[in-house]
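*Asks:* Sequence first, predicted coordinates after that:
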Amino acid sequence: MTTEPMQAVREFILGRNSEIQQLDGDLDLIDSRAINSLAFVEFIFLLEELTGEPIDPEEVDLDDFRTLDAIEERFFKQKAA
Amino acid sequence: MAVRGIEPILLDLDRLEQLAESGYYNPYTMFDWPDAIEPDLPWMSESLTTLAGTPMWDELTREQQIALTKYEAINFFSLNIHGIRELMSEVVMRIHERAYADVSEFLHHFIGEENEHMWFFAQFCLRYGGKLYPAQPSLKADSVEHLSPVAREMIVFARILIFEEIVDYYNAHMATDQSLPAIAREINRVHHQDESRHVAFGRMIFTHLLGQVARRDPDEVPLVAAYLEDYLQYSIATLYNPAAYRDAGIPDALALRRRALEHPARHEAHEQLLKRTRKFLSKAGVGRELIK
């Protein structure tokens, strides 16, 4: 159930970072600048679209977006449960 | 905060300072705020909405079209407000740094005027729309860490300039759009008037700092050009706010946003919007043609 949206998340990141060969689940996407400030808004909109839930920009906790594992845990596992 | 590695910024700002002094006005008393906006009038020019020129606009009911002008006007003014908050905080931290001593006088006018713009934009949104849209979140690990301190310094002013040039395109058009309520026209007109000085200053300080970057390391200029192109695209995308579509009663806001951003008519609109800025960047030697 969770594979498909996470694939879209991976494609978003890889589409903007051609130098990344392997996208590990624990790679820090923010510190590594795989997602930078300019891309972050688009990334949030993508997650909103994939989850069907709006994300309040004033309530964003960066740790929820830091790694693929954290994104899956925060946005997709709860829905599947 | 010390700005290290920056040579003193020397610009001839006498004329801009004189204009700021002679054109000074009291924003708190100069507007005649009506109790309400006439219900059938668009709040922003229909041709400037993010769906203009596409079938998505034609598919809306007239009620939805007017609602979209309302919420996109609130989004546009909210973006102004958040942009002003960012630029003011950056400029305040530099205003009495040694490198900025020569331009400090103008920076005082700049901050003062920006604060006033922020006030009247918020007045409009809160009086008539009852809200602002929140700022989009930003990341601490920024998009400029790969650049030198001088280039990062230049980027601060480049962001201010790009933001002001985009906003001014809208203001200039709406300042004379007779289909708008008088108060919307007036706010756009007053802002356009002040911004002409700010854009002139922005271009001067940008050109000066770009010169410092190029003298230090000419190979960094294409990296700056790539960042600026990303920033232009980012700025355009912020105009397309799904919350505004939702508030206007338009379904599937995120899918609509994606379709709108990809539509050829919108690409053409973006080219028009960015034409003046791109021409300036190319002439300054940091246009998108440099991107490797």
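*Replies:* Cool, the structure landed. Residues are numbered from 1 along each chain as shown, chains lettered A, B, ... in the order given.
*Asks:* Could you check which residue of the stretch 1-150 of chain B lies nearest chain A?
*Replies:* Residue nearest to chain A within the stretch 1-150 of chain B (CB to the nearest CB): residue B:143, separated by 3.8 Å. To be clear about C-beta, it is placed using only N, CA and C from the backbone, and glycine gets the same treatment.
*Asks:* Excluding covalently adjacent residues, which one is nearest to that residue?
*Replies:* Among residues not flanking residue B:143 along the chain, residue A:36 sits closest, at 3.8 Å (CB to CB, 6 or more residues apart in numbering or on different chains).
*Asks:* count of residues packed around the one you found?
*Replies:* Residues near residue A:36, counting by other CB atoms under 10 Å in any protein chain shown, number 24.
*Asks:* Now name the helix or strand holding the closest residue to residue B:175 other than its chain neighbours.
*Replies:* Leaving aside its chain neighbours, residue B:175 sits nearest to residue B:189 (3.8 Å; criterion: CB to CB, 6+ apart). Under the criterion of DSSP states H and E, residue B:189 resides in helix B:182-216.
*Asks:* pLDDT of that helix, averaged?
*Replies:* The average pLDDT within helix B:182-216 is 96.
*Asks:* Then stretch A:12-21?
*Replies:* For stretch A:12-21, the per-residue pLDDT averages 90.
*Asks:* Need the phi and psi values for the residue in chain A that chain B sits nearest to.
*Replies:* Of all residues in chain A, residue A:36 sits closest to chain B, at 3.8 Å by CB to the nearest CB. Residue A:36 adopts backbone torsions of phi -100, psi 180, taken as degrees, to the nearest 10.
*Asks:* With the one 3 residues further on instead?
*Replies:* With angles defined as degrees, to the nearest 10, residue A:39 sits at phi -90, psi -20.
*Asks:* Name all residues that make contact with residue B:57.
*Replies:* For residue B:57, the contacting residues are B:46, B:49, B:51, B:65, by CB atoms under 8 Å, 6 or more residues apart in numbering or on different chains.
*Asks:* how many other residues sit next to the first one?
*Replies:* To tie it back to what came earlier, the one meant is residue B:46. If you count neighbours by other CB under 10 Å, residue B:46 ends up with 17.
*Asks:* ditto for the second one
*Replies:* If you count neighbours by other CB under 10 Å, residue B:49 ends up with 27.
*Asks:* didn't it look like it was pressed against residue B:70?
*Replies:* No. Assessed by CB atoms under 8 Å, residue B:49 is found out of contact with residue B:70, at 10.3 Å.
*Asks:* circling back: what's the separation between the residue of chain A closest to chain B and residue A:43?
*Replies:* 10 Å (CB to CB, to the nearest Å).
*Asks:* neighbours of residue B:283, just the number please.
*Replies:* Neighbours of residue B:283 using other CB under 10 Å come to 11.
*Asks:* Relative to residue B:155, how far out is it?
*Replies:* With the distance defined as CB to CB, residue B:283 ends up 19 Å from residue B:155.
*Asks:* now swap in residue A:40 and tell me
*Replies:* From residue A:40 to residue B:155 the distance is 17 Å (CB to CB).
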